[in-house]
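J.: test case, fold it:
(one chain, ligands or ions: 3)
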Amino acid sequence: MDLATLYPDHLATVLQRMYAALERSGNDHLLIASGVLKYQFLDDRPYPFAINPHFLQCVPLVEHTDGWIVVTPGKKPVLVYHQPADYWHLPPTEPQGFWTEHFDIRVIRSPQEAAQHLPKSGRMAILGEADAALEGFVPNNPKAVLDELHYQRAYKTDYELACLRMASRRAARGHVAARIAFEAGASEYEINRAYLGAAGHNDVDVPYGNIVALNEHAAVLHYQHQEHAAPPQSRSFLIDAGARFNGYSSDITRTYCRDDARFQALIDGVETVQLALVDQVRAGNDYRAIHLDAHLRLATVLRDRNVVRMSPEAQVETGVSSVFFPHGVGHLLGLQVHDVAGFAGSIHGDLIPKPDGHPFLRLTRPLDAGMVVTIEPGLYFIPMLLQGLQEGPHAGDIDWAEVEHLSRFGGIRIEDDVACRTQGAPENLTRDAFAAI
Ligand code: GLY
Ligand code: MN
Ligand code: MN
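T.: Residues are numbered from 1 along each chain as shown. Ligands and ions are numbered 1, 2, ... in the order given. Just a heads-up that it's a prediction; the model follows:
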């Protein structure tokens, strides 16, 4: 089904959630400010604009500054649409698209004019950043309202699933171009250009800074740099890069190597683990259990590949597995790459704790139909963490010659975006996208 067909049900679901949150919190109106441009210190250059995701969930206007949405139960929602007369910049077009008929649209020419279209009375929950305040309308971001809306946002509508599929498609095209560039010996910078070109994105459109890492750089989890020159020898390549569609994100990682059977075997081992974990994205499963199972399985790979001479259980028990896998197995995905409410136990703001010893896990909720998560196990050779291992009680259980050999390839991560279904096997948005292009 196309987006225009799916959108009315999506908006109805989002509005129902908002009505419920208003009633529970004792408010009459929900106001959502899209946000304002922010300027660099002592300069007239703005930072890239990041829109209020609550606004974006209602209308696919990723770049829309100074807009407002007013939600009042029993009334058509109002969209205050900022369309300045501006010959310095390209102003927003006339409101157009499948969503327009669902809003009472009021076009304004200056940000201050919005106040005329906002409610004159009643109790208001106002969601937005402080800088978006207008006279009489200061964002108060009530915790109870945010807790409820954030909790619900984990459950994607069919429209949102369709957008997330498209975001995976876009990124998959970029990933294919990036792999080809790696195989041709390109630099990190050149690979990134190839990725962006094929994904149809600018640097500022991507949902997070692309991680484009050759050789040892693959050991830097959020490697933010890009070398302009190609290294003398491109041994391995880790790329963590996503795309956006109507504001929804994909988050995909692939790892490749050239001419090394031992590192390739490790990649194959991580891929087998990753697919087994993806299969566990099923309604009722506890995501924390998937994370802990990832440790056991990755530790098994380390033992089978003769990197660590300890049982998988002992590796997990002593924290040795965390030296090689020092991040969470994944997170919720949606309007934000690390989407909100990963720890929420209910709409009421209670939290589900992380397992002891796993401080970087971003998702502890039981899985349910409609949730979209990433599954991203990895194995890395991170000098700082290896040094601690070398100085600790388990140094004798490590094959340091093998670690030294594998360290030249940095690390491995394989990451797919996965939707949990009501029953049966999950939908792998990422693998479907690669298969379709
Ligand atoms: N790209 C960041 C992450 O995978 O969570
Ligand atoms: Mn991720
Ligand atoms: Mn990622």
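J.: where do the strands of the stretch 101-250 of the chain begin and end?
T.: Remark: strands assigned in the stretch 101-250 of the chain by DSSP state E, counting those that start in this stretch are 104-108, 124-127, 211-214, 236-241, 244-245, 248-249.
J.: and of these, who's closest to residue 58?
T.: Closest approach to residue 58 among these is made by strand 124-127 (11.0 Å; CB to CB). The way it works is simple: take the backbone N, C-alpha and C, and place the C-beta from them, glycine included.
J.: hmm, who's touching the closest one?
T.: 21-22, 25, 27-33, 52, 54, 137-142, 145-146 (CB atoms under 8 Å, 6 or more residues apart in numbering).
J.: sorry, back to before: who wins for proximity to residue 271 among the strands of the stretch 101-250 of the chain?
T.: strand 236-241 (13.2 Å).
J.: helices or strands up against that closest one?
T.: Counting contacts by 3 or more CB pairs under 8 Å, 6 or more residues apart in numbering; DSSP states H and E, strand 236-241 packs against helix 158-183, helix 188-199, strand 211-214, strand 252-257, strand 411-413.
J.: nearest residue to the residue in the stretch 51-200 of the chain positioned nearest to ligand 1 in space, please, no chain neighbours.
T.: For the stretch 51-200 of the chain and ligand 1, the shortest gap (CB to the nearest ligand atom) falls at residue 171, measuring 11.0 Å. Leaving aside its chain neighbours, residue 171 sits nearest to residue 243 (3.9 Å; criterion: CB to CB, 6 or more residues apart in numbering).
J.: my guess is the one you found meets residue 170, correct?
T.: Yes. Counting by CB atoms under 8 Å, residue 243 does reach residue 170; the two are 3.6 Å apart.
J.: just want to know which of the two has more residues nearby.
T.: residue 243 (29 against 23; other CB atoms under 10 Å).
J.: which ones are touching that one?
T.: 167-168, 170-171, 174, 199-201, 205-207, 249-250.
J.: give the contact list for whatever residue of the stretch 101-250 of the chain ends up closest to ligand 1.
T.: With CB to the nearest ligand atom as the measure, residue 240 is the residue of the stretch 101-250 of the chain nearest to ligand 1, at 4.7 Å. Residues near residue 240 by CB under 8 Å, 6+ apart: 210-211, 251-253, 413, 415.
J.: okay, it: pLDDT?
T.: According to the prediction, residue 240 has pLDDT 98.
J.: re earlier: isn't the residue of the stretch 51-200 of the chain closest to ligand 1 up against residue 241?
T.: Yes. Using CB under 8 Å, residue 171 makes contact with residue 241 at a distance of 6.3 Å.
J.: shared neighbours of the two, anything?
T.: By CB under 8 Å, 6+ apart, the residues touching both residue 171 and residue 241 are 199, 252.
J.: if you count surrounding residues, which of the two has more?
T.: residue 171 (33 against 26).
J.: distance of the more buried one relative to ligand 3?
T.: As judged by CB to the ion, to the nearest Å, residue 171 and ligand 3 stand 10 Å apart.
J.: so what's whatever residue of the stretch 301-437 of the chain ends up closest to ligand 3 up against?
T.: Going by CB to the ion, ligand 3 is nearest to residue 415 of the stretch 301-437 of the chain, at 4.9 Å. Counting by CB under 8 Å, 6+ apart, residue 415 makes contact with 240, 251-254, 274, 330, 374-376, 430.
J.: can you tell me which of those residues is nearest residue 351?
T.: Out of these, the member with the shortest distance to residue 351 (by CB to CB) is residue 330, at 18.2 Å.
J.: does residue 202 really touch residue 192, like I thought?
T.: No. Counting by CB under 8 Å, residue 202 stays clear of residue 192, with 11.5 Å between them.
J.: who has more neighbours, these two?
T.: More crowded of residue 202 and residue 192, by other CB under 10 Å: residue 192, with 23 against 9.
J.: pLDDT value on that one, please?
T.: pLDDT, residue 192: 98.
J.: quick check: beta-bridge partners of the closest residue to it other than its chain neighbours?
T.: Leaving out its chain neighbours, the residue that sits closest to residue 192 by CB to CB, 6+ apart is residue 212, at 4.8 Å. Beta-bridge partners for residue 212, by DSSP bridges, are residue 239.
J.: next up, the contacts around residue 436.
T.: 169, 172.
J.: hey, where'd the strands end up in the stretch 301-437 of the chain?
T.: Per DSSP E, counting those that start in this stretch, the stretch 301-437 of the chain has strands spanning 372-375, 378-380, 411-413, 416-419, 427-428. These are given in chain order.
J.: turn the strands of the stretch 101-250 of the chain into CSV, columns for distance to ligand 2.
T.: Listed next are the strands of the stretch 101-250 of the chain as CSV, based on distance: least, CB to the ion, whole Å:
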stretch, distance to ligand 2
strand 104-108, 36
strand 124-127, 25
strand 211-214, 10
strand 236-241, 7
strand 244-245, 14
strand 248-249, 10
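J.: got CSV for those, with distance to residue 69 too?
T.: Formatted as CSV, these follow (distance: least, CB to CB, whole Å):
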stretch, distance to residue 69
strand 104-108, 10
strand 124-127, 9
strand 211-214, 34
strand 236-241, 31
strand 244-245, 20
strand 248-249, 18
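J.: now residue 417: how far from residue 325?
T.: 20 Å (CB to CB, to the nearest Å).
J.: how about residue 195?
T.: Residue 195 is 25 Å from residue 325, where distance means CB to CB.
J.: ok, those two, which is more surrounded?
T.: residue 325 (28 against 25).
J.: skipping adjacent residues, who's closest to the more buried one in space?
T.: residue 298 (5.1 Å).
J.: element containing that neighbour, please.
T.: For residue 298, the host element (DSSP states H and E) is helix 287-304.
J.: give me the contacts around that helix.
T.: So helix 287-304 is contacted by 266, 269-270, 273, 276-277, 280-281, 308-313, 315-316, 320-322, 324-325, 328-330, 352, 354-355, 358, 361, 363-367, 373, 375, 377, 379 (CB under 8 Å, 6+ apart).
J.: if you set the cut-off to 7 Å instead, what comes out?
T.: Contacts with helix 287-304, where a contact means CB atoms under 7 Å, 6 or more residues apart in numbering, come from 266, 269-270, 273, 276-277, 280, 308, 310, 312, 315-316, 321, 324-325, 328-329, 355, 358, 361, 363-365, 367, 373, 377, 379.
J.: and those, which of them are in helices?
T.: The helices, defined by DSSP state H, take in 266, 269-270, 273, 276-277, 312, 315-316, 321, 324 from those.
J.: quick check on the residues you listed: which are buried?
T.: 266, 269-270, 273, 277, 312, 315-316, 321, 324 (16 or more other CB atoms under 10 Å).
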